[in-house]
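Visitor: When you get a sec, could you give me coordinates for this:
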Amino acid sequence: MAKDTYHHGDLANALVDAALAVVESNGADALSLRDLAASLDVSRAAPYRHFADRDALLAAVAARGFEALAEIYRAADASPGDGPTRVRKAMRDYMAFAWSRGGLHRLMFESELLRRDPIPPVLAGPYRSTYEVLWRTLSRAYPDAEEAWLKRRRVTMLSTVVGFLVLDEAGRFTPEWARPLSREDRVEAILDAAIATATT
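Guide: As a prediction, the model looks like this:
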C-alpha cells in the first residue's frame, strides 16, 4: 500500500495541482481520485481527508480557474487605453484563456458546479470575484450609463463572446464558410459586436 508521505497541508494542494493537470489535458471526466492517489504515492483513502468526494476536488480545481481568470481581468482593467479598450482587452484575453485552457474552461462554465444551490463554498468566492472585477471594468468604461444598460451590455457581451467560442470549438467556421476572413478577422468581428462604443 502507498504511504502518505505529504506533510500536513501539502497533500490538498498537491491533489488540486494534479487534478488541474488532468482536467487541462484530458477533461474533467478523466479525473479519478484513485489514480491521483497512486500518482502522488499516497493511500486511496488519503484524498478523502481533504475532499469529501471527486466533485469537491473538481470544485477546488474550478476555483483555481476563476482565480486565474480574475487575474486576467484585473490586468486588463489596469492596462492602458480608455474604458472600452480595457473591456475589449478583457474579452480578448478571456478568449485566449478559453482556447489555451480548454478543459479547465469547460469545467468552469459547462459543469453542474455553478448550478448548485448553494454553490460549493470553495468556488463561490473566486466565481463572484471574477464577475465583480469584470463589472468594475465595464462600469468604468461607461460611467454615464444606467445600471440596467450595463447589465444588458454584460449579458450581450458575454453571450456574443461565449457563443463564438462554442461554435469555434465545434469547428463550425469551416474554411469554405468563413473565407476570406482569417481567424483573427473573426475574432475582431466578434469583439466589435461585443464591445459597445456608446451608451445609446
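Visitor: When you work out contacts or count neighbours from here on, use the C-alpha atoms and nothing else.
Guide: OK.
Visitor: Poorly predicted segments of this protein, please.
Guide: Within the chain, the ranges that satisfy pLDDT under 70 run 1-9, 197-200.
Visitor: try it again with 50
Guide: Applying pLDDT under 50 to the chain picks out residues 1-2.
Visitor: Can you tell me which residue is spatially central in it?
Guide: By CA atoms, centre = their mean, the chain has its centre lying nearest to H105, at 4.6 Å.
Visitor: Grab the nearest non-local neighbour of it.
Guide: Spatial nearest neighbour of H105, excluding adjacent residues (CA to CA, 6 or more residues apart in numbering): A98 at 5.5 Å.
Visitor: Next one: that neighbour from S111, what distance?
Guide: 15 Å (CA to CA, to the nearest Å).
Visitor: What of R183?
Guide: For R183 relative to S111 (CA to CA), the value is 27 Å.
Visitor: what's the answer for M157, then?
Guide: M157 sits 21 Å away from S111, going by CA to CA.
Visitor: ok so, going back, now do the phi/psi pair for the residue nearest to H105.
Guide: phi -60, psi -40 (degrees, to the nearest 10).
Visitor: wait, doesn't it sit right on L107?
Guide: No - using CA atoms under 8 Å, A98 is not in contact with L107, being 10.9 Å away.
Visitor: what about those two, which has more around it?
Guide: Set side by side, A98 and L107 show more neighbours around L107, with 22 against 18, by other CA atoms under 10 Å.
Visitor: secondary structure element for that one?
Guide: helix 102-110 (DSSP states H and E).
Visitor: Run through the neighbouring helices and strands of the helix or strand encompassing L165.
Guide: Here L165, judged by DSSP H and E, is contained in helix 147-169. With contacts defined as 3 or more CA pairs under 8 Å, 6 or more residues apart in numbering; DSSP states H and E, helix 147-169 has these neighbours: helix 83-100, helix 121-141, helix 183-194.
Visitor: same thing but 6 Å
Guide: Using 3 or more CA pairs under 6 Å, 6 or more residues apart in numbering; DSSP states H and E, no helix or strand is in contact with helix 147-169.
Visitor: Toward the C-terminus, what is the element adjacent to it?
Guide: Heading C-terminal from helix 147-169 (DSSP H and E), you reach helix 175-178.
Visitor: Dump that next one to PDB, keeping only the CA atoms.
Guide: The C-alpha trace of helix 175-178 is given here as PDB (Å, rounded to 0.1, in the frame of the first residue of the first chain):
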ATOM      1  CA  PRO A 175     -12.700  27.500 -44.500                       C
ATOM      2  CA  GLU A 176     -15.500  27.500 -47.100                       C
ATOM      3  CA  TRP A 177     -17.900  29.100 -44.700                       C
ATOM      4  CA  ALA A 178     -15.500  31.700 -43.300                       C
END
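Visitor: How far away from the center of its chain is that helix?
Guide: Distance of helix 175-178 from its chain centroid, counting by CA atoms, centre = their mean, to the nearest Å, is 28 Å.
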